[in-house]
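Enquirer: Return atomic coordinates for the entry below.
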Amino acid sequence: MRQAWIYGILAACTVMGAGAVGYGDSWTERAGQLNRKEITQEQAIANRGNEEKDRRNKLCIRGIHPAMPGIDWNADPTALPYMLYQINKRTGLPVHVESDGLDVASREIYENTVIYLTSHTRWSFNEKESTNVARWLSRGGTLFLDDCYNRGSPFTDSVRPEVAKMIPGAEPTMLLASDTRVTDAFKMIYATIWPGEANFENRPWQYYVLDNRPAVFFSPNDDGCGWEVSTPPTASNPIGEGIGHGGDNRQREIMYQWVTNFILFAYTH
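Expert: Purely as a prediction, here's the structure:
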C-alpha cells in the first residue's frame, strides 16, 4: 500500500512539475505582516499554533522526544529540516517539516511513517512508549536510530535492549550490499556506496526485522551531524555550510544521497 502511495506521489509530481514545497498563502500573508511590524513572543506562538499541520501525502521523518529526562534529542536542530529540504530538492516530492518533538506514547505516532531518535546519552522508553512503538512498528512504521556521538556511546549501548522491548528476540543484522532483503536500500534514487564502505563512515548501519521487514534501522555514525547546516543553502553552496563531519561537502553530499535512498526505501518496503 505504501509502495502504491509513493508511486502515486511520484506520478503527481511529474504531472504538476513539483519543485519546492508550497506553504500556502496564509504563511505568505503572515510573513508580510512580520516584515511590517514587530510582534511579541506570545503572538508568534499563537500564529504558529494556528497554522494547519497537513502531513497528508508528504514525506516526513519526525524527531522523537522521549519522556526520559536528560536526553538531548534535539542536539542537531537543523538536521531533519535540511535533510527533508534536500530530499524535496532532489526528488520533487512534497515533504512535511515539524520540529516539535514527537511523544511516541501518544496517538500522534500513527500519523507518521518514519520516526527518528538521536542523542549523545543513554536513552530508554517507558512501558507506555515501548508498547505504543511496538504496535506502530507492527502496523508498518519504521524507526531510525542515530548515535549522535559517532564513536560508540551510551546511546549505542541502549539500542539492543530497547529494541528488544519492542521486538522481542530481535537481533541486529549488518546492513550490507550482499544482503538480498535490503538490496535496493541504496539504489532508490542514487546508486551509492553503502554506509560502512565510505572512508569517512566505515561502520555499517544495522537493522532489526519484524514480520520479515526491516523495521528498525540504526546508524552508529551520527548521520544527523552530516545533515545539519550552519548557514542556509545558497547558489554557490546549494547544500549550505556544514557543521558536523568536518563540514566537507563531498562527504555530506553522499550522506544526503544515502538518506534520500533510505527514506524512499522505508516508504516503499
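
Enquirer: What is the burial count for the closest residue in space to I64 that isn't next to it in sequence?
Expert: Closest residue in space to I64, ignoring its immediate chain neighbours: L117 at 4.3 Å, by CB to CB, 6 or more residues apart in numbering. Quick note: C-beta positions are derived from backbone N, CA and C, even for glycine. Counted with other CB atoms under 10 Å, the neighbours of L117 add up to 27.

Enquirer: Begin at 597, not 1, for the rest of this chat.
Expert: Yep, numbering from 597; the last one is L713 now.

Enquirer: A strand includes L713, no?
Expert: Yes: under DSSP: H, G, I helix; E, B strand; the rest coil, L713 falls within a strand.

Enquirer: Which residues are in contact with the closest residue in space to T830 that isn't next to it in sequence?
Expert: Computed as CB to CB, 6+ apart, the closest residue to T830 that is not its neighbour in sequence is G836, at 7.5 Å. Contact analysis of G836 by CB atoms under 8 Å, 6 or more residues apart in numbering lists Y678, V825, S826, T827, P828, P829, T830.

Enquirer: Adding neighbour count and pLDDT, write the residues you listed out as JSON lines.
Expert: Formatted as JSON lines, the contacts of G836 follow (neighbours: other CB atoms under 10 Å; pLDDT from 0 to 100):
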{"residue": "Y678", "neighbour count": "21", "pLDDT": "94"}
{"residue": "V825", "neighbour count": "23", "pLDDT": "91"}
{"residue": "S826", "neighbour count": "11", "pLDDT": "89"}
{"residue": "T827", "neighbour count": "11", "pLDDT": "86"}
{"residue": "P828", "neighbour count": "11", "pLDDT": "83"}
{"residue": "P829", "neighbour count": "15", "pLDDT": "83"}
{"residue": "T830", "neighbour count": "10", "pLDDT": "85"}
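
Enquirer: Among these, pick out the one closest to W854, please.
Expert: Y678 (14.5 Å; CB to CB).

Enquirer: Kindly tell me how buried the closest residue in space to H661 that isn't next to it in sequence is, as a neighbour count.
Expert: Distance criterion CB to CB, 6+ apart; nearest residue to H661, sequence neighbours excluded, is G697 at 2.4 Å. Using other CB under 10 Å, G697 is surrounded by 15 other residues.

Enquirer: and if you look at I711?
Expert: As a burial measure, I711 scores 21 neighbours (other CB under 10 Å).

Enquirer: per-residue confidence at it?
Expert: According to the prediction, I711 has pLDDT 98.

Enquirer: Hmm, it is touching E694, no?
Expert: No: using CB atoms under 8 Å, I711 is not in contact with E694, being 11.2 Å away.

Enquirer: so what sits against both of these two?
Expert: Residues touching both I711 and E694 (CB under 8 Å, 6+ apart): R658.

Enquirer: where along this structure do the helices fall?
Expert: 598-612, 621-632, 637-646, 675-687, 723-734, 750-762, 819-823, 845-864 (DSSP state H).

Enquirer: Now do the buried residues in the longest one.
Expert: If I follow you right, that is helix 845-864. 845, 847-863 (16 or more other CB atoms under 10 Å).

Enquirer: angle of that helix against helix 675-687?
Expert: 80 degrees (axes from the mean of the first three to the mean of the last three CA atoms, to 10 degrees).

Enquirer: Now do the same contact list for the residue positioned nearest the centre of the chain.
Expert: Compute the mean C-alpha point of the chain, and by CA atoms, centre = their mean the closest residue is I657, 3.6 Å away. Going by CB under 8 Å, 6+ apart, I657 touches L676, M679, L680, V710, I711, Y712, F740, I859.

Enquirer: Would you mind measuring from the fourth one to A671?
Expert: Just to be clear, that refers to V710. Distance, V710 to A671, using CB to CB, to the nearest Å: 19 Å.
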